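S.K.: Model the structure of this input:
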Amino acid sequence: MFLKYNRFDFSNFPWYFVILLLLHSSMASGEKAETKLRNLLLKDYVPELLPETNANGSVDVLITTFVRTMEPQLQNFVNLKAVLLFQWNDSRLRYEDQNPENIKKLSLQGDEIWVPDLTVYNMHTSQKLLDHSTRCSVNPTGLLRCSQKVSLYLYCELNYTDWPHDTQLCSLHIGTWIEEKVHLKPWLKSDGIIMTAGKKTPKWILKEIIYIPEEVSGPVTSMEYSFKIQRVDKGHFAQFIVPANVVATLSLCAFWMPRDKGMVRVGFSLAVLMLNALFIQDLGFIFWLSGGDFLPKICKYFANFLIW
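M.R.: Reported below is the predicted structural model:
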């Protein structure tokens, strides 16, 4: 009787609680080990000093660009959204001989270690690409990998002559700020770009990416990429192309109409003038968009018609 009522029913025991407790204990132990190792590596670390250089006296920095979107903006600027990846070696952060916990990767922040002073030369406002928000990780051999999300406004000489069927050629020019002992190289692919041609955004399609190598005898301190993008926005077709053809058709009808149809001819001409008046505001926007350097052909058409 005593055994019957005091027997413990293990089937109802909350084993999940024990599992969660063990997982929490394991994670806390891992975090403690990582914190201890990080403090050990950064104790005498000086971020202002260069890592160990190669035989040429420079630090090899590999760069990969994951392009997300690239869309032209107003007045000769293009907005590039991408993720930049960087890789280099820093022997001061090697911990393969001090790793009893077998930590595969140690997380670090950009302001804790030396990072290359990189910037974008053709950006609207100059700023460093790698800063305190940069996420980095180092493996036991001292190999560092850092990533940085960017949204850059790049200067690009936009040509709107064939607008709205235009194709633009823009560039991304990355280089060092003042450091001369940094050698930049593409990473993962021969051109350092991870984005297949043909990827579309709502208004643009990336047609081609070209890596332009810098021909110098010493360390390569800058990298340049050329992007060819084509407009695929179909909204402009209904907004401008169709009205342009309608206006052209009405103009021809008014021109070839018999002389004895005076009132009808005047009516057609007034209708054409009214249609042109409807597009004046939109045309003014396109005139401003082109910046006066490359006037779209469709703007020339409407302008010549108004003069005629």
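
S.K.: burial count for Lys234?
M.R.: One way to gauge burial is a neighbour count; for Lys234, by other CB atoms under 10 Å, it gives 11. The C-beta positions use only the backbone N, C-alpha and C, and glycine is treated the same way.

S.K.: Tell me which stretches of the stretch 151-300 of the chain form strands.
M.R.: For the stretch 151-300 of the chain, applying DSSP state E, counting those that start in this stretch gives strands covering 167-176, 182-186, 204-212, 222-231.

S.K.: mind checking which helix or strand the closest residue to Leu84 other than its chain neighbours is in?
M.R.: Across the structure, with CB to CB, 6 or more residues apart in numbering as the measure, the residue nearest Leu84 apart from its sequence neighbours is Gln148 (5.0 Å). Counting by DSSP states H and E, the element that carries Gln148 is strand 143-155.

S.K.: Show the average pLDDT along that strand.
M.R.: When pLDDT is averaged along strand 143-155, the result is 91.

S.K.: bridging residues for Ser151?
M.R.: When bridges are called by DSSP bridges, Ser151 pairs up with Lys81.

S.K.: what do you get for Leu108?
M.R.: Beta bridges link Leu108 to Cys136, judged by DSSP bridges.

S.K.: Can you give me the first-to-last residue distance of stretch 128-146?
M.R.: One end of stretch 128-146 sits 14 Å from the other (CA to CA, to the nearest Å).

S.K.: which stretches of the protein form helices?
M.R.: Assigned by DSSP state H, the chain shows helices spanning 2-6, 15-42, 235-236, 242-256, 262-278, 280-290, 297-307.

S.K.: Spit out the contact partners of Phe268.
M.R.: Applying CB atoms under 8 Å, 6 or more residues apart in numbering, we find Phe268 in contact with 250, 253-254, 257.

S.K.: if you set the cut-off to 10 Å instead, what comes out?
M.R.: Taking CB atoms under 10 Å, 6 or more residues apart in numbering as the contact definition, Phe268 lies against 250-255, 257, 261.

S.K.: out of those residues, what pair is the most spread apart?
M.R.: Ser251 and Lys261 (15.4 Å; CB to CB).

S.K.: Low-confidence bits of the stretch 51-200 of the chain, can you list those?
M.R.: Confidence mapping of the stretch 51-200 of the chain against pLDDT under 70 gives the ranges 74, 188-200.

S.K.: run the last query once more with 90
M.R.: Residues of the stretch 51-200 of the chain that meet the criterion pLDDT under 90 lie in 52-58, 63-84, 96-105, 109-111, 123-135, 149-152, 156-168, 176-200.

S.K.: Tell me the confidence at Ser226?
M.R.: You'll see Ser226 listed with a pLDDT of 87.

S.K.: What is the neighbour count of it?
M.R.: With neighbours defined by other CB under 10 Å, the count for Ser226 comes to 14.

S.K.: and the gap between the closest residue in space to it that isn't next to it in sequence and Leu169?
M.R.: Leaving aside its chain neighbours, Ser226 sits nearest to Ile210 (4.3 Å; criterion: CB to CB, 6+ apart). Look at Ile210 and Leu169: by CB to CB, to the nearest Å, they are 9 Å apart.

S.K.: Overlap in contacts, these two.
M.R.: With the criterion set as CB under 10 Å, 6+ apart, the overlap between the contacts of Ile210 and Leu169 is 226-228.

S.K.: Can you give me the neighbour number for the residue nearest to Ser222 when sequence neighbours are not counted?
M.R.: Take Ser222 and drop its neighbours on the chain: the residue closest to it by CB to CB, 6+ apart is Gly175, 3.0 Å away. Close neighbours of Gly175, defined as other CB under 10 Å, add up to 19.

S.K.: and what of Met70?
M.R.: The local packing of Met70 (other CB under 10 Å) involves 24 other residues.

S.K.: what's the closest residue to it other than its chain neighbours in contact with, if anything?
M.R.: Excluding its sequence neighbours, the residue lying closest to Met70 (CB to CB, 6+ apart) is Leu80, at 4.9 Å. The contact partners of Leu80, by CB under 10 Å, 6+ apart, come to 65, 67-71, 120, 123, 150-154, 156, 170, 172, 225, 227.

S.K.: How much space separates Leu80 from Gly175?
M.R.: Between Leu80 and Gly175 the distance is 16 Å, computed by CB to CB.

S.K.: can you check Leu85 too?
M.R.: Remark: distance between Leu85 and Gly175 (CB to CB) = 17 Å.

S.K.: Then Pro164?
M.R.: The spacing between Pro164 and Gly175, counted by CB to CB, is 34 Å.
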